[in-house]
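Trainee: Sharing a sequence plus its predicted fold:
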Amino acid sequence: MVAEMNDYQFKVVRIEGEFIWHSHPETDEAFLVLEGTLRIDLPHGSVYVGPGELYVVPRGVE
């Protein structure tokens, strides 16, 4: 964790490979991509997030 604000944590992670589907029923989840491309698979389809882009998964969405 790099910071905390109003009970929210800011984390920096390096992702490689697949990540298990999950949801956050009480809060949104934001992804800011620094390098590469992040594919987020959602129930309605996939979203691709590139360098410098930010994507927010709304709370409760798997």
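Mentor: Done, it's in.

Trainee: what lines up beside the worst-scoring helix or strand of the chain on mean pLDDT in the sheet?
Mentor: Using mean pLDDT, DSSP states H and E, strand 8-10 stands out as the lowest-scoring helix or strand of the chain, at a mean of 87. Here strand 8-10 has these sheet partners by DSSP bridges: strand 3-5 (antiparallel).

Trainee: and the strand it pairs with, which residues are buried?
Mentor: By neighbour count with 16 or more other Cβ atoms under 10 Å, strand 3-5 contains no buried residues. C-beta: built from backbone N, CA, C; applies to glycine.

Trainee: correct me, but P58 touches E26?
Mentor: No. With contacts counted by Cβ atoms under 8 Å, P58 stays clear of E26, the gap being 11.5 Å.

Trainee: Looking at those two, which one has more neighbours?
Mentor: For P58 versus E26, neighbours defined as other Cβ atoms under 10 Å are more numerous around P58 (11 against 7).

Trainee: OK, contacts around that one?
Mentor: D28 (Cβ atoms under 8 Å, 6 or more residues apart in numbering).

Trainee: got it, and E29?
Mentor: Neighbours of E29 in contact, by Cβ under 8 Å, 6+ apart: V56, V57, R59.

Trainee: Likewise for E4?
Mentor: By Cβ under 8 Å, 6+ apart, the contact set of E4 is F10.

Trainee: separation between it and F10?
Mentor: Separation of E4 from F10 (Cβ to Cβ, to the nearest Å): 7 Å.

Trainee: of the contacts of E29, buried ones?
Mentor: The buried subset of the contacts of E29 - by 16+ other Cβ under 10 Å - is V57.

Trainee: Number of residues surrounding the spatially closest residue to S23 that is not a sequence neighbour?
Mentor: Once flanking residues are discounted, S23 sits nearest to E62: 4.6 Å by Cβ to Cβ, 6 or more residues apart in numbering. When neighbours are defined as other Cβ under 10 Å, E62 has 10 of them.
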